[in-house]
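Participant: What shape does this take:
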Amino acid sequence: MELKTMKTSTAKSSFNHLRSLKLAALAIGSSVILAGCAGNPPTEQYAVTESAVNNAVSAGGTEFAAVEMKAAQDKLKQAEIAMHDKKYDQARMLAEQAEWDARVAERKAQAVKAEQAVKDSQKGVQELRQESQRTVQ
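Facilitator: Numbering: from 1, shown residues only. Below is the predicted model of the structure:
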C-alpha cells in the first residue's frame, strides 16, 4: 500500500514540476515576443500608411474630404516624429490611425465624385427628355 502512495505522490510531483516549466517557458516566450514587437520600428505600417495617404490625395481627398485628409497627414507626421524618437509603439498606433483617416478621406472623395456623376447623368437624361419633347411637338 505504501508503494502505491509513493508512486502517486511522485507522479503528481513530476506533473506539477512539468507544468511549472511549461508556464515558465510560456512566460519567457511571451516576453521575448512582446519585447521584439516593441523594439522594431513600424516601417511596414508606415509604408502602408504613406500609400493610403497618397491614394486619398489622388482620389481627391484634399478637395472633397479636407478634414479627414488633414487628420491623416498630421498623424502621419506625428508617427514619423515618434519613429525618429524611437517611440515605436506610439508610431505604430499613429500610423494605423492615419491610415484609417486616409481611407475614410479616399472613400468620402469617391462617394462625392460618384454623387456628382449621378447628378450629371440625371441632368443629361432630363435634357434628353426635354429635347425629345420639343421634336415631337
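Participant: what ranges do the helices span in the chain?
Facilitator: Ranges of helices in the chain, per DSSP state H, are 2-39, 43-58, 61-64, 66-84, 88-136.
Participant: Pick out the shakiest of these, pLDDT-wise.
Facilitator: Comparing mean pLDDT across the helices of the chain, the weakest is helix 2-39, with a mean of 55.
Participant: Could you measure from Ala98 over to Gln116?
Facilitator: Applying Cβ to Cβ, to the nearest Å, the value for Ala98 to Gln116 is 27 Å. For the C-beta atoms, the positions are set from N, CA and C on the backbone; glycine is no exception.
Participant: Looking at those two, which is more packed in?
Facilitator: Comparing Ala98 with Gln116 by other Cβ atoms under 10 Å, the one with more neighbours is Ala98, at 27 against 11.
Participant: For the residue sitting nearest the centre point of the chain, give me its contacts.
Facilitator: For the chain, the residue nearest the mean C-alpha position is Glu96 (4.6 Å; Cα atoms, centre = their mean). By Cβ atoms under 8 Å, 6 or more residues apart in numbering, the contact list for Glu96 reads 45, 49.
Participant: With that, I have no additional questions.
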